[in-house]
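In: Predicted coordinates and the sequence they were generated for:
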Amino acid sequence: MKKRRRKMKKLPMLILIVIVLYGGYLITAKSIKQTAETRLANYLPEIKDELEKNELDADEFAPVLLAIMDQESHGKGSDPMQSSESAGLARNEIGDPAESIKQGVYHFSEMYKYGEANDVDLETIIQSYNMGPGYIDFVVNSDTFHSEETAKSYSELMVEKSPDLYTCNNDKLNFRYPYCYGDYSYAGKVTAKIDAMNKLVRQHL
């Protein structure tokens, strides 16, 4: 009986510990989310300004650019749009967030205008932010539309052209392997964030 009573006493303590730990996890997760949202919201004025300079509707496309930024960096670092390579520079060579946003919005606007001229959908345009204008050409010339399978096919083509360049660092556990040019799942990841970014934009108008 004594052993049973000891077990009964230990059980409420374990439950209390679990509740405290889970509560701490929820608070931490909420804090991390709020911090990320604050970082992204702080860049909203610059994003809207650059969209207007590139003759794109700021209200329509600010959520898309925020979703791209969130996917690229969660708003962290000196190149939050990860736009160095689109400017012909080495990865992360841009060292000023304002320049990163300027180049990132310009790159998106060029992909958007090129995509519109070729009558492709927004997902194709978003994927081309990651894979470049050649992806739009591939979609058009293949008489198809964007999907992960289409993006994989384009990635495979680019890897075949430069097998020594696009290797995923020879990491076969990399989810992209062997489709090591770009991220074939990029458009899906970005579009999944747009509703949340719409709410964020409305909160900070």
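Out: Noted; the coordinates are in hand.

In: Extract the residue ranges of this protein that are flagged as low pLDDT.
Out: Residues of the chain that meet the criterion pLDDT under 70 lie in 1-34, 205.

In: now the helices for it?
Out: Per DSSP state H, the chain carries helices over the ranges 2-42, 44-53, 58-73, 97-117, 122-131, 133-141, 148-161, 186-191, 194-203.

In: so how far is stretch 54-67 from its chain's centroid?
Out: In terms of C-alpha atoms, centre = their mean, to the nearest Å, the centre of stretch 54-67 is found 15 Å from the chain centre.

In: go on, stretch 106-121?
Out: Mean-position distance between stretch 106-121 and its chain equals 18 Å (C-alpha atoms, centre = their mean).

In: One more: stretch 139-149?
Out: Distance, stretch centre to chain centre, for stretch 139-149: 21 Å (C-alpha atoms, centre = their mean).

In: contact partners of that stretch?
Out: 118-121, 123-124, 127, 150, 153-154, 184-185, 187-188 (C-beta atoms under 8 Å, 6 or more residues apart in numbering). All C-beta spots, glycine's among them, are computed from the backbone N, C-alpha and C.

In: Endpoints of that stretch, how far apart?
Out: Criterion C-alpha to C-alpha, to the nearest Å; first-to-last residue distance in stretch 139-149 is 11 Å.

In: now swap in stretch 116-133 and tell me
Out: Note: stretch 116-133 ends 12 Å apart using C-alpha to C-alpha.

In: Show me what counts as buried in it.
Out: 120, 122, 123, 124, 125, 126, 127, 128, 129, 130, 131, 132 (16 or more other C-beta atoms under 10 Å).

In: you'd agree the third one is up against residue 191?
Out: Yes - because the distance of 6.2 Å satisfies C-beta atoms under 8 Å, residue 123 is recorded as touching residue 191.

In: rewinding a little: of all the contacts of stretch 139-149, which comes closest to residue 138?
Out: Among the contacts of stretch 139-149, residue 154 lies closest to residue 138 (C-beta to C-beta), at 4.6 Å.

In: List the contacts of the closest residue to the closest one other than its chain neighbours.
Out: For residue 154, ignoring the flanking residues on the chain, the nearest one in space by C-beta to C-beta, 6 or more residues apart in numbering is residue 138 at 4.6 Å. Applying C-beta under 8 Å, 6+ apart, one finds that residue 138 lies in contact with 150, 153, 154, 157.
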